[in-house]
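In: Build the 3D model from these lines:
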Amino acid sequence: MNRIQISIRPWHSLLTWMALGYLLLAGCGDGRPKRVPVSGQVLIDGRPLEVGFIRVVPQTGRTATGVLGPGGRFTLKTYEDNDGCLPGTHRLEVSGCKNIGETAVRWYAPKKYATTQTSGLTLEVGGPRDDVKIPLTWKGSGHDQPFTENIGSK
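Out: Sure, this is the predicted structure:
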């Protein structure tokens, strides 16, 4: 009867595990642009805006978004939850509205903030931030409180 003897040298095993560990560590980046965590609060005339969303629009690269919640708080997302936004100076839009039925929208903030062309808002991001305050106002908007807009008929 022939016996096959297998000999594993301890240093082969060590080298194999070290190489595997290096490959795993080298592959940890997601290949996407650098993002930094950003969160904060949207206020309208000093009160939290709790309905709508925020969009952070860089000159180049992917837009970050955040949903407004209790206390007007938001956390930005570019690719996945809570990953933040690209560093730099960015234009902002805040859409403080909600559909009410099929033919009407309730605006909780002036419509001018809902597009970067008219919002006049910017955000400077150099590093992680959790203290962003975005102040909005009804003054000069033609409305002084939330309003309903008919968007068509069915």
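In: Every contact and neighbour count from this point should use C-alpha atoms.
Out: OK.
In: how far away is residue 80 from residue 100?
Out: 29 Å (C-alpha to C-alpha, to the nearest Å).
In: Between those two, tell me which one has more neighbours.
Out: residue 100 (12 against 9; other C-alpha atoms under 10 Å).
In: Provide a list of residues in contact with that one.
Out: Residue 100 is in contact with residue 106, counting by C-alpha atoms under 8 Å, 6 or more residues apart in numbering.
In: Check it and give its pLDDT.
Out: Note on residue 100: pLDDT of 90.
In: measure it to residue 43 for me?
Out: Distance, residue 100 to residue 43, using C-alpha to C-alpha: 22 Å.
In: ditto for residue 65
Out: Look at residue 65 and residue 43: by C-alpha to C-alpha, they are 17 Å apart.
In: Looking at the two now, which is surrounded by more residues?
Out: Shown here are residue 65 and residue 43; by other C-alpha under 10 Å, residue 65 has more neighbours (24 against 18).
In: Once you drop chain neighbours, what's closest to the more buried one?
Out: Leaving aside its chain neighbours, residue 65 sits nearest to residue 55 (4.5 Å; criterion: C-alpha to C-alpha, 6 or more residues apart in numbering).
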